[in-house]
Structure formats: C-alpha cells, structure tokens
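**Q** build me a model from this:
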Amino acid sequence: MTPVYELSVPGELVQQLFSGSEGVAKLLEAILNQVLSAQAAEQLGAAPYERTEGRQGYRAGVRTRTLVTRVGALELKVPHLRGAPFSTELFARFQRSEQALLVTVMEMFINGVSTRHVGNVLEEMCGVELSKSTVSELCKRLDPIVRAWNERDLSGRAYPFLLVDALVLKVREGGRVRARSLFIATGIGAEGMREVLGVMVGDSESEASWREVFAGLKRRGLRGLDLVVSDSHAGLVKAIEAEFQGATWQRCQTHLTRNLCDACPKAAWPELHPRLRHLFTAPDMPTARKLLADILRDFEGRAPKAMALLESAFEDAMAVMALPPPYRKRLRTTNGAERLNREVRRRERAVGIFPNTASATRLLGAVLMEIDEGWSTGRRYLDMAEYWAWRKARPDTADTTSQGAPIAASHAD
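**A** Residues are numbered from 1 along each chain as shown. Now for the predicted structure:
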C-alpha cells in the first residue's frame, strides 16, 4: 500500500512560487525534505521526540545531499538513524533523471557542442553551473562504450571491400598545438552493409601508422578482403601491400583526377576533364585502353606531366574493372569515405583544437559509432548476390566459401 504523508507548505514559499524563478525549486526542496522526515518516522515507528513502545531506533541528525533537477539544485536533509538503516526510493527515482541528464550531455558532446556550451545549456536546464572540467569528466563515461565498439570482434563475417582514408586534426600536447591524423577504415560486409570497422588517432599518415591500423583490424578478425580503395599516399600504399597481400589496391579515381588537374596546364584541362570521365567509366578494359591511347596521343605535347602520371597510374585506377559492373561505380573512388569525413569534420569544427588525443578519440569515435549504428539499420549499400556468384565461378576462388576465405589477387586486365 502506498504511504500517505501529510505535508505543509510555508506561506512564504507559496509567495516565492509566484514571484520568482527560484520558487519552484524551494517548494520542491521543502516538500521532499518533509517526505524524507516522514519516511524516517515511518521506519522508526515514532515521530521526532515521540516516545513509543514500538520504536525501532533513534534519529542521529541529518546528512545534506545535493540533488540536481530540472528546476534547480535541491539541498536535501537525509535522516541518519541510529539502530536502524534509513532507506528511501526517492533518490533511486531521481537517478533515472540524472541518467537522462548524462545521456543528454553525451548526445550534445557527440553532436559537436563544445564543453563550454554544454555547461551553459545545463545551467539553463538545471539552474546549476558545471565547469568545463566537470562536463569533460561526464563525457569520459563514453570511453568504455567507444572502446568496446572500436575493438569489437570482426570474425563473424567476411569483408570483401575496404575503404580507408585519413584527415588531419589539431591536438594540444605538451603545451603546443600539433597536427595528428585520424585514420578511418570502412568495410562492406558479405551481406552488402557498410560498417565503420575502426578508427585511430596517430602521429602522421605514415606507413607505420597505417600498418598499425591494418594490423589491428586483422587481429580483430578481418578476413575475406578482395579490394582496398584509397588515395595514393605512399605510406598508405606500402602498408596495404605489406598487410593485405593477395588483395587488390584500387587507386581512387577522384583523387587521381585532382592530381591530374594539378599537373595539367589550365588551358588544356577543360578538354581533358570530360575525356577522363569517359575513360574511368568505360564498360570494359579493351575500351578503356583505347581511350587511354587516344588521350595520351592528343595531350602528350600539351600536358606531358599529366600524361606521364595518367599512364603510370592507369592500371591501379582501373583495378575495379575486374569486378562485375554493378560494383564498379561505388568502389572506383573513396567518395563514400569522403562523405563520412565531411560529417566528422562538421562535428570536429565545434571543438577546433582537442585538449588531448583521448578527447579526439572519444568524440570522433562516438560520432563514427553513431553513424555506424545508422548504417546497420539503413538500406543495404550493395547487393552482393552477383559478387558471390562471380566469386564462385572464378578459377582462383572455386574452392572458397561464400563467407570469405582468403581471396587471391584480382587483375584488372
């Protein structure tokens, strides 16, 4: 049976209720303190100073506890009993609100709101001021969640396609602002769903850093890799060759186009650009080779540096042609990763300079985790049925399973 408590409200609190914003907090504080006192009397079997034969113990003062609510910070006087422990469900019920408040803080943090602005919002919501350090401590509760997601087991399915990219952050270390790289690996699984497989903040986009990223993915069970799509950063390409032997490297055609633009005289670029689009979207390799020969012939005299680059990069940029046609469009560039990067950048700009590497991993890891969860419940990125049928028919993979035993290298020609 729910207990019934008789409560009294002082007249001055009623006046404050209508005269100022603090009135609601003071009123709630008075009511809850009366509830606590009544609960203590109920548990002792006696009101204060009351002598009864059934008394279960004695009051031994009160302990002050601050409870943060939406109407402000309440100073509650929790009874301390001698001879019997005091118990109440009041704080347990308010803990749910406190948890909701912490979730709000985390969501604000993930969405790119700075710790200073988070503190301002909480002061507006709850009537209490929280320092930047306090908000940061609350946000550290994200660490084990992000860590568990970033270290999850990947051995349950094959990931035939991997897109990798990095972007530069500003992190304060040792009293100085330094450039650090955020490495992001995105996979497309056996069922055609996209996943953010891993994220790491490292020193630079070097071979050693990328090998650390790839070694971590393999340690967590990454398998069945057929194609890796990336830009042509030297350290990255060497790391792919070392860690993913047997897989094919697809040079991002968008990045290559930018490189060719930089190497081409401005006068020749308006004519060259549309011809490159036809080259990269050719229906088959014989057609692509003919288009390449025509471009080299027509532009060798006007743009020799660009033509030398195109000729040397052609095979890697057209590696995706080894796959069935339905998979070429989305795997010939890292545009999917670039869109992901733009979303990360949008959140990162709100911070500007991260106070340390841990905070960068926490925030951006949480952002990527949120995006990954959206992908898992969204539409399938690729229909993999034709891919697995094609894999099964290939002589070099006829003895493998559709769930991705190691795959031999693909050849664009």
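**Q** count the residues that sit near Met200.
**A** Met200 has 18 neighbours, counted by other C-beta atoms under 10 Å. Every C-beta, even on glycine, is put in place using the N, C-alpha and C of the backbone.
**Q** for Ile353, see how far away it is.
**A** Taking C-beta to C-beta, to the nearest Å as the measure, Met200 falls 19 Å from Ile353.
**Q** with Leu364 instead?
**A** For Leu364, the distance to Ile353 - C-beta to C-beta - is 14 Å.
**Q** more crowded one of these two?
**A** Neighbours were counted for Leu364 and for Ile353 using other C-beta under 10 Å; Leu364 has more, 24 against 11.
**Q** quick check: that one touching Val344?
**A** Yes. Counting by C-beta atoms under 8 Å, Val344 is a contact partner of Leu364 at 5.8 Å.
**Q** okay, and the common contacts of these two?
**A** Residues touching both Leu364 and Val344 (C-beta atoms under 8 Å, 6 or more residues apart in numbering): Leu182.
**Q** break the protein into its domains for me.
**A** Structural domains annotated on the chain: 11-83, 94-147, 157-249+347-413, 253-333, as defined by automatic domain parsing.
**Q** ok, of those, where does mean pLDDT dip lowest?
**A** Mean pLDDT is lowest for domain 94-147 among the domains of the chain, at a mean of 59.
**Q** off-centre distance for stretch 264-273?
**A** 39 Å (C-alpha atoms, centre = their mean, to the nearest Å).
**Q** correction: the previous question concerned stretch 180-200.
**A** The answer for stretch 180-200 is 11 Å, by C-alpha atoms, centre = their mean.
**Q** CA-only coordinates of it in CSV, if you can.
**A** Taking Å, rounded to 0.1, in the frame of the first residue of the first chain, the C-alpha atoms of stretch 180-200 are listed here in CSV:
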residue,chain,number,x,y,z
ARG,A,180,47.6,14.5,-35.8
SER,A,181,45.9,12.1,-38.2
LEU,A,182,42.5,10.4,-37.7
PHE,A,183,42.6,7.1,-39.5
ILE,A,184,39.2,5.6,-40.6
ALA,A,185,38.5,2.2,-42.1
THR,A,186,35.1,1.5,-43.6
GLY,A,187,34.2,-2.0,-44.7
ILE,A,188,31.4,-3.5,-46.9
GLY,A,189,30.4,-6.9,-45.5
ALA,A,190,29.3,-10.1,-47.0
GLU,A,191,25.7,-9.0,-47.0
GLY,A,192,26.5,-5.6,-48.6
MET,A,193,26.1,-3.5,-45.5
ARG,A,194,28.6,-0.7,-44.7
GLU,A,195,30.4,-0.6,-41.4
VAL,A,196,32.9,1.7,-39.8
LEU,A,197,35.4,-1.0,-38.8
GLY,A,198,37.9,1.0,-36.9
VAL,A,199,39.2,4.5,-36.0
MET,A,200,42.6,5.5,-34.6
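**Q** would you mark the buried spots in that stretch?
**A** 180-190, 192-200 (16 or more other C-beta atoms under 10 Å).
**Q** could you do stretch 199-211 as well?
**A** By neighbour count on 16+ other C-beta under 10 Å, the buried set for stretch 199-211 is Val199, Met200, Val201, Gly202, Glu205, Ser206, Glu207, Ser209, Trp210, Arg211.
**Q** surely Gly221 is in contact with Asp153?
**A** Yes. Using C-beta under 8 Å, Gly221 makes contact with Asp153 at a distance of 5.5 Å.
**Q** neighbour count: these two, which is higher?
**A** Gly221 (13 against 7).
**Q** need phi/psi at that one.
**A** Dihedral pair for Gly221: phi 110, psi 10, per degrees, to the nearest 10.
**Q** contact partners for it?
**A** Contacts for Gly221 (C-beta under 8 Å, 6+ apart) come out as Asp153, Leu154, Ser155, Gly156.
**Q** how much space separates the most centrally placed residue in the chain from Phe314?
**A** Central residue of the chain (C-alpha atoms, centre = their mean): Leu368, 1.9 Å from the mean position. The spacing between Leu368 and Phe314, counted by C-beta to C-beta, is 33 Å.
**Q** closest to Tyr381 among the contacts of Gly221?
**A** In terms of C-beta to C-beta, no member of those lies closer to Tyr381 than Leu154, at 17.0 Å.
**Q** find the nearest non-adjacent residue to the closest one, please.
**A** The spatially closest residue to Leu154, leaving aside those adjacent along the chain, is Gly221, at 4.2 Å (C-beta to C-beta, 6 or more residues apart in numbering).
**Q** what about the buried residues of stretch 180-200, which are in strands?
**A** Within these, residues falling in strands by DSSP state E are 180-188, 194-200.
**Q** His59 and Val78 touch, don't they?
**A** That one is not His; residue 59 is Arg. No. Counting by C-beta under 8 Å, Arg59 does not reach Val78; the two are 11.5 Å apart.
**Q** return the residues in contact with the closest residue to Thr357 other than its chain neighbours.
**A** In this structure, Thr357 finds its nearest non-sequential neighbour in Val201, 5.1 Å apart by C-beta to C-beta, 6+ apart. Listed by C-beta under 8 Å, 6+ apart, the contact set of Val201 reads Leu169, Val171, Arg180, Ser181, Leu182, Phe183, Thr357, Ala360, Thr361, Leu364.
**Q** now Asp231
**A** Listed by C-beta under 8 Å, 6+ apart, the contact set of Asp231 reads Asp165, Arg251, Cys252, His255, Thr334.
**Q** quick check: the second one touching Leu310?
**A** No. With the criterion set as C-beta under 8 Å, Arg251 and Leu310 do not qualify as a contacting pair; they are 11.3 Å apart.
**Q** ends of stretch 375-388, what's the gap?
**A** Stretch 375-388 has an end-to-end distance of 22 Å (C-alpha to C-alpha, to the nearest Å).
**Q** show me what counts as buried in it.
**A** Trp375, Tyr381, Leu382, Met384, Tyr387, Trp388.
**Q** tell me what the nearest residue to the first one once chain neighbours are set aside is bridged to.
**A** By that I understand Trp375. Using C-beta to C-beta, 6+ apart and skipping residues adjacent in sequence, the residue nearest Trp375 is Arg194, 4.8 Å away. With beta bridges defined as DSSP bridges, Arg194 has these partners: Ile188.
**Q** strands along the stretch 51-200 of the chain, start to end?
**A** With strands called from DSSP state E, counting those that start in this stretch, the stretch 51-200 of the chain shows them at 58-69, 72-82, 161-173, 176-188, 194-202.
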